[in-house]
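In: got a predicted structure plus its sequence, pasted below:
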Amino acid sequence: MENRMELKFSALSQNESFARATVAGFCLQANPTIDELTDIKTAVSEAVTNCIVHAYPKGKGDVYLTATINNGTLTLTVRDHGIGIDDLNKARQPFYTTKPLEERSGMGFTVMESFMDSLKVSNASGGGLEVVMTKTFKQEDEDIVNIG
C-alpha cells in the first residue's frame with residue numbers, strides 16, 4: 001500500500017529541524033531501524049539546508065517536500081523554485097561549495113548519496129532544483145510488529 005505526505009514551508013533555518021522530524025515521524029509506519037531513521041534524517045537535513053542556504057539568495061522562498069512509502073521503499077523529493085545550479089556535475093563533487101567564506105563544506109550531495117540508496121538531482125522546469133532520494137527499508141519478517 002502506498003502512503004504519501006506533502007509539506008510546504010518557508011526556506012528558513014528553523015524549519016530544517018521541522019522537516020527532519022516530520023519525515024522521521026512519517027517513516028515510523030515502515031518500522032525502520034534506528035540506523036535507517038538516522039540516515040534519512042541526515043539526508044533530509046542536507047537537502048533542506050541546501051534549499052535554505054542556496055536557493056533564494058535575494059529573498060524569501062519556499063521548500064517543498066514530498067515523502068512516499070510504497071512496498072517498503074521511501075521516496076523523498078525536496079524541491080524549491082530558487083536559482084537552480086548551473087553545473088550539476090560540478091556541484092555534486094565532494095568539497096565543492098559556492099560559499100567558502102560561510103564555512104560551507106561542500107559535502108551536501110555526497111552526504112545525501114552516502115546515506116540513501118539513490119539520489120537524483122535536476123534543475124526543475126521553471127526554475128529551482130529538485131532532489132529525489134530513495135531508501136528501501138531492510139526489514140526481517142520476525143522484526144515486523146503490527147500495532148493497531
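Out: Cool, the structure landed. Bear in mind that the values here come from a model prediction, so they are computed numbers and not experimental data.
In: got the phi/psi numbers for the closest residue to A124 other than its chain neighbours?
Out: Ranked by C-beta to C-beta, 6 or more residues apart in numbering and with sequence neighbours excluded, the top spatial neighbour of A124 is E130, at 4.6 Å. For every residue, glycine as well, the C-beta is placed using N, CA and C. When read as degrees, to the nearest 10, the backbone of E130 gives phi -130, psi 130.
In: likewise V132?
Out: phi -120, psi 120.
In: what's opposite it in the beta bridge?
Out: Beta bridges link V132 to T77, K120 when assigned by DSSP bridges.
In: near it, how many other residues are there?
Out: When neighbours are counted by other C-beta atoms under 10 Å, V132 registers 17.
In: I40: which element?
Out: helix 34-50 (DSSP states H and E).
In: list the buried residues in that helix.
Out: Under the neighbour-count criterion of 16 or more other C-beta atoms under 10 Å, helix 34-50 has 36-37, 39-50 buried.
In: spit out the contact partners of the residue sitting nearest the centre point of the chain.
Out: In the chain, the residue lying closest to the centroid (C-alpha atoms, centre = their mean) is V44, at 3.3 Å. Contacts for V44 (C-beta atoms under 8 Å, 6 or more residues apart in numbering) come out as A19, R20, V23, L65, L76, V78.
In: residues touching N89, list them.
Out: With C-beta under 8 Å, 6+ apart as the criterion, no residue contacts N89.
In: where's it relative to D39, distance?
Out: For N89, the distance to D39 equals 24 Å [C-beta to C-beta, to the nearest Å].
In: for M116, same thing?
Out: Distance, M116 to D39, by C-beta to C-beta: 7 Å.
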